[in-house]
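Q: sequence below, structure please.
(one chain, ligands or ions: 2)
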Amino acid sequence: MFSPLPDKPDHPALELEILDLWEREQTFEQLRDRNRGNTRWSFVDGPVTANRMSLGVHTAWGRTLKDVFQRYKGLRGFDQRYQNGFDCQGLWIEVGVERALGLNSKREIEEFGIEEFARRCREVVVQSSEALIRGSIRLGQWMDWGNDYYTFSDTNIEYIWKFLAIVHGRGWLYMGHRSTEWCPRCGTSLSQHELTQSGVYQDRADPSLTVRFPLLDREGEYIVVWTTTPWTLPANVAAAVHPDEEYGRRENGEWVAVKLFPDETFVERLRGSELVGWRYRGPFDDLPPGSAVEHRVIPWADVTMDQGTGIVHIAPGCGGEDFELSKVHDLPVLTPVDESGRFYDDYGWLHGVSTTEAADQIIGRLGETGFLVDAGLYTHAYPHCWRCDTPLIFRLSDDWFISVEEIRPKLLEENAKVHWVPEYMGKRMDDWLHNMGDWNISRRRYYGLPLPFYPCACGHLNVISSKEELRERAVEGFEQLEELRRPWIDRVPIRCAECGETVSRILEVGDVWLDAGIVPFSTLGWENPEWIEEGYATGAAKGLTKADLPDHAYWETWFPADWVSEMREQIRLWFYSQFFMSVALVGRSPYQRVLAYEKMLDEQGREMHASWGNTIPAEDAFSQMGADVMRWQYCAQPPDRNLLFGFGPAHEIKRKFLTFWNSVKFLVDYGNIEGFTPGWDQLEPDVELRPLDRWLVERTKQLVAEATAGYEATLTIDVTRAFDAFVDDVSNWYIRRSRRRFYSFDEAAFRTLWFALVQSLRVIAPVMPFLADHLWRNLVQDGPASVHLAPWPEPVEPDRSLLAEIAEVRRVVELGRQARSASQLKHRQPLRRLVVAGTTHAEGHADEIAEELRVKEVEFGDVQASELRVKPNLPVLGPKLGAQLREVRESLQRGEFEQLADGRFQVDGHVLEPDEVLVERVGREGWAVASLDGLTVALDTALDDELLLEAKLLDRVHEVNVLRKDSGLELTDRIKLWIPDADVLERYADRLQAETLALSVEFGELRIEKA
Ligand SMILES: [Zn+2]
Ligand SMILES: [Zn+2]
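A: Residues are numbered from 1 along each chain as shown. Ligands and ions are numbered 1, 2, ... in the order given. Sure thing, here's the model as predicted:
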């Protein structure tokens, strides 16, 4: 006996039940045991940042894809690692803790105490990782929970130290002095790749200022500049003009580019190169820094003529390009603001004012001194800190860099060997590798990888490569080192290898992408001489994980990863950092195949923001949609388009699931009535099959082949599409066409349907693991206890010609339905005749087509019942024919044309090309016609008394069956029936009885009685 199924699945409830069964039966452990020692399939998990207290639906997307492919490979018998990872350091964590503690600046963090701050950061990671694991388990993700990697482990840090020491050995490490993007709230510079993250560029209204500088050697004349960053004006040292553009002087003495003011008249015109060298008075020469500068006009070929005045204000301490120009023209560099974006005290009345607060005061001052020409607002896309949303500024900074020039060709060469899905993602990586600058790896923060750099006054840069080396070279403080982390590590000075003096570590911490990038080495035991149990659980990770540090032989067997998957943004982040580190360390890519996918938006296509109220907590999604529905939504998404996630699409998916559910329920209900007990040992039906059964067997093989190909291509959408089409074929063709065979025990039908459903559960199990297992456990009672323990069904080539035949029959029926609904005839009205043209396989199926479409006969041949209607395509034909168009149009309308080969038409002596006409096929009077892709069907819509009476019969049968259902009768219950139609009774009493399971039918008011 199968367990009876309710009318609808309760997804969340059945999922919790299945989770419980997996736990009790140790299903995942059984799978791993079974596959241990088999061929390996290596997947490396990109770490999720452990800073949130619940799983987000964004994160659940990636986790689902990872789980789907690990499950698929598991079913195929591959040995896998299943190691999950957490990102545990960096600004994400720090900023959250700062907010929780109400700290607003680095000074406040230091007053709070870095040691306690570090402990609070770790606490966030501990709680967040627990919550993320809980959410992931609820999602159905199978991972080796408890052996997770945490990037703040000392071991992970030591591996990065080793990498940095190697890079230093090659001469790639250097300290750069440059103007760089800076977050004044976080007090640190940001790297190029951090600026590529989504949400960094946001529209913002800034002051738009036009300012004029008085020329020192041309009395009463000015050069005019335009800026959106007033705070940079006190750091102005030069003004740049394009040497080849023309500049003009207005009557009032102001010089601007002529091209930008085409309607103005100028009293004097000069080439930009003639302005070069002019000296001017700076806007804030009354402040000490400005007063010491000789301001002058310089040439710059990158000055554009698309906005502003064509003259660019140059402040080398506040802009990347400005800084580069300062080197070319030997300009002084003024740095007006400190780490927190506040003016230094030599800026007088601006002292302590932030860059944003300064705007109004600066504008007011410029107005008073006569420098201001115009002030307004200007909205533009402006970069913001990816973590705290503060608008970024440019600031002069000393940062540590890894030079990329030497390794770049090798990076490009290795990337060309990676199989990227979708392909364009690989091109994006290639573009990034071509254009990226040196890697800025230092951050002026607290909770992060301590950079092991100890620069000595003697000029030697000491780079420590391991904790052991630190112990050997420490002057003091090693014993108090709780973790490789600030503040403890800052208390361990070392001895300089060159001169023997005591040197301290720089205070900077590392870019978090170093933490995640080293994972293919640190978790797999690269160059580790012997296996250390729980050897990865060091430093802050101690007690959180039991992960081992494997030996080098293990690394050899699991590196590189066969597959990794993350969202597109990670091309310049994790995909990049691990790729760079791997090519640097061992000369090859850390992954062979990548699946990258686009962004998640809400169902209206907007970004999801907590403040807009359109985010969906995973908890709500679990309880309202269920994990399977979420997973389906993720998997049915083409990776090259944004996912519009929400409850609306979830509703559609539930409806789809219900169709499948109903097919299973149909088998369960009638199987129980007939005592059907299938056996796992004879999966494929071995009894004599009817043609429709043979078709479903082949159709099932097609599903297995298509789903397998989809998984192999790492395209879940191919799997969900194949499954959708299959469910439609089972429900709307096989069951629909065979329904009666289930009312009595037709073994072939039961066996065939069971086979089809069981196989479909097996191939869809990775995508919807809960529903698939729930139904599996009901349908397969003597096989593997879980669908996730059944082996993968071996794909075999199905009988393509049989499949093509039925596919064509279904298309004919579908067109017939279209024709019927276009004619607005009642659905149950029988018709006399259907004519079908353009088929190649469907001729043998006239009976089925007739039955499906309620027609008495089906003819194959030319459809005379329709006619071509040809109209001129006016935009194309109008210009060609001119005045003759009218005549041609009238001829076409009268049908006076000749159809030529290749879709051309001859009319009135003109030959019209296919794109010059619009062609329609319409039914003649009394016919309904539909046509698609070379198939045409025509329904004879003429009705006679006979057809009308039969329609009346069918309406009654329908009514009676609704009554049966409403009175709660079992499917097999017999009834007594009364109907009020003498004509129907006289002609169709037998059919009425047969189709309503009535033992008797008599004349009377419509009613039924249980017999
Ligand atoms: Zn910030
Ligand atoms: Zn030294």
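
Q: Q637 against Y597, yeah?
A: Yes. Using Cβ atoms under 8 Å, Q637 is in contact with Y597, at 7.2 Å. In short, each C-beta sits where N, CA and C put it, glycine included.

Q: what touches both of those two?
A: L643 (Cβ atoms under 8 Å, 6 or more residues apart in numbering).

Q: number of nearby residues for L992?
A: L992 has 20 neighbouring residues, counting by other Cβ atoms under 10 Å.

Q: quick check: closest non-adjacent residue to it.
A: Spatially, and ignoring its direct neighbours in sequence, L992 is nearest to V1001 (5.3 Å; Cβ to Cβ, 6 or more residues apart in numbering).

Q: how about the contacts made by the closest residue to N147 other than its chain neighbours?
A: Leaving out its chain neighbours, the residue that sits closest to N147 by Cβ to Cβ, 6+ apart is A547, at 4.6 Å. With contact set as Cβ under 8 Å, 6+ apart, A547 has these partners: Q83, N147, D148, Y149, T523, E534, G535, Y536, A537, A541.

Q: also E706?
A: So E706 contacts D718, V719, A722 (Cβ under 8 Å, 6+ apart).

Q: roughly how far does it sit from ligand 1?
A: 48 Å (Cβ to the ion, to the nearest Å).

Q: which SS class is that residue?
A: helix (DSSP: H, G, I helix; E, B strand; the rest coil).

Q: hmm, which helix or strand of this protein has the shakiest average pLDDT?
A: Sorting the helices and strands of the chain by mean pLDDT, DSSP states H and E puts strand 917-923 at the bottom, at a mean of 75.

Q: after it, next one along is what?
A: Beyond strand 917-923 on the C-terminal side, the first helix or strand identified by DSSP states H and E is strand 927-932.

Q: circling back to that earlier point, okay, and the beta partners of the residue nearest to L992?
A: Beta-bridge pairing for V1001 (DSSP bridges): L977.

Q: count the neighbours of it for me.
A: Applying other Cβ under 10 Å, I find that V1001 has 22 neighbouring residues.

Q: next up, the contacts around it.
A: K976, L977, W978, I979, L985, A989, L992, Q993.

Q: in the protein, where is pLDDT below threshold?
A: 865-867, 922-923 (pLDDT under 70).

Q: near ligand 1, which residues of it show up?
A: The chain comes close to ligand 1 at residues C183, R185, C186, C385, C388, T390, as judged by Cβ under 5 Å from the ion.

Q: one more pass at 8 Å, please.
A: Within the chain, the positions near ligand 1 by Cβ under 8 Å from the ion are 91, 95, 183-186, 188, 385-390.

Q: ok, Q637 and Y597, which is more surrounded?
A: In this view Q637 and Y597 are compared by other Cβ under 10 Å, and Y597 has more residues nearby, 25 against 22.

Q: hang on, that one packs against I571?
A: No. The criterion here is Cβ under 8 Å, and Y597 misses it with I571 at 11.3 Å.

Q: backbone phi and psi for the residue in the stretch 151-300 of the chain that ligand 2 sits nearest to, please?
A: Distances between the stretch 151-300 of the chain and ligand 2 by Cβ to the ion are smallest at H168, namely 15.3 Å. Torsion angles at H168 (phi, psi; degrees, to the nearest 10) stand at phi -60, psi -40.

Q: and it, how many neighbours does it have?
A: 18.

Q: what pairs with the residue lying closest to it once chain neighbours are set aside across the strands?
A: Among residues not flanking H168 along the chain, V463 sits closest, at 4.5 Å (Cβ to Cβ, 6+ apart). On the basis of DSSP bridges, V463 is bridged to F453.

Q: and the helices in the stretch 451-600 of the chain?
A: Using DSSP state H, counting those that start in this stretch, the helices of the stretch 451-600 of the chain run over 467-473, 512-517, 519-522, 552-558, 574-586.

Q: can you say which of those helices is nearest to ligand 2?
A: Closest among the helices of the stretch 451-600 of the chain, once you apply Cβ to the ion, is helix 467-473, at 12.1 Å.

Q: could I have the CA atoms of the closest one written out in PDB?
A: The C-alpha coordinates for helix 467-473 follow below in PDB (Å, rounded to 0.1, in the frame of the first residue of the first chain):
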ATOM      1  CA  LYS A 467      54.400  31.600  13.500                       C
ATOM      2  CA  GLU A 468      57.500  29.500  14.100                       C
ATOM      3  CA  GLU A 469      59.700  32.100  12.500                       C
ATOM      4  CA  LEU A 470      58.100  34.800  14.600                       C
ATOM      5  CA  ARG A 471      58.800  32.800  17.700                       C
ATOM      6  CA  GLU A 472      62.500  32.500  16.700                       C
ATOM      7  CA  ARG A 473      63.000  36.100  15.900                       C
END
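
Q: buried sites along that helix?
A: Of the residues in helix 467-473, K467, E469, L470, R473 count as buried by neighbour count, 16 or more other Cβ atoms under 10 Å.

Q: neighbour-wise, give me the winner out of the contacts of A547.
A: T523 (30 neighbours).

Q: who does the residue nearest to it when sequence neighbours are not counted bridge with?
A: What sits nearest to T523 in space, not counting adjacent residues and going by Cβ to Cβ, 6+ apart, is Y149, at 4.8 Å. Y149 has these beta-bridge partners by DSSP bridges: G85.

Q: residue contacts, the residue of the stretch 351-500 of the chain found nearest ligand 1?
A: Closest residue of the stretch 351-500 of the chain to ligand 1, Cβ to the ion: C385 (3.0 Å). Neighbour list for C385: C183, R185, C186, L190, V200, P391, L392 [criterion: Cβ under 8 Å, 6+ apart].

Q: any chance of these in JSON lines, plus distance to ligand 2, secondary structure and neighbour count?
A: Below are the contacts of C385 laid out as JSON lines (distance: Cβ to the ion, whole Å; DSSP: H, G, I helix; E, B strand; the rest coil; neighbours: other Cβ atoms under 10 Å):
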{"residue": "C183", "distance to ligand 2": "34", "secondary structure": "strand", "neighbour count": "28"}
{"residue": "R185", "distance to ligand 2": "36", "secondary structure": "coil", "neighbour count": "20"}
{"residue": "C186", "distance to ligand 2": "32", "secondary structure": "coil", "neighbour count": "25"}
{"residue": "L190", "distance to ligand 2": "32", "secondary structure": "coil", "neighbour count": "24"}
{"residue": "V200", "distance to ligand 2": "40", "secondary structure": "coil", "neighbour count": "18"}
{"residue": "P391", "distance to ligand 2": "41", "secondary structure": "strand", "neighbour count": "18"}
{"residue": "L392", "distance to ligand 2": "36", "secondary structure": "coil", "neighbour count": "23"}
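
Q: farthest-apart pair in these, please.
A: R185 and V200 (14.5 Å; Cβ to Cβ).

Q: which stretches in the stretch 901-1011 of the chain count as strands?
A: Along the stretch 901-1011 of the chain, the segments classed as strands by DSSP state E, counting those that start in this stretch run 905-907, 910-912, 917-923, 927-932, 935-940, 975-979, 998-1003, 1007-1010.

Q: so which of those gets nearest N51?
A: Between N51 and the strands of the stretch 901-1011 of the chain, the tightest spacing by Cβ to Cβ is seen for strand 927-932, at 53.2 Å.

Q: the strand or helix carrying V758 - contacts with which helices or strands?
A: Using DSSP H and E, V758 falls within helix 747-764. Helices and strands touching helix 747-764, by 3 or more Cβ pairs under 8 Å, 6 or more residues apart in numbering; DSSP states H and E, are helix 647-674, helix 691-712, helix 716-729, helix 769-779.

Q: what's the most buried one of these?
A: Highest mean neighbour count among these (mean count of other Cβ atoms under 10 Å): helix 769-779, with a mean of 24.

Q: residues in contact with the next helix or strand after that one: which ones?
A: The C-terminal neighbour of helix 769-779 among helices and strands, as given by DSSP H and E, is helix 800-823. For helix 800-823, contacts defined as Cβ under 8 Å, 6+ apart pick out 694-695, 698-699, 702, 729, 733, 827, 831, 834, 836, 839-842, 844-845, 848-849, 852-853, 855, 923, 928-933, 935-939, 941.
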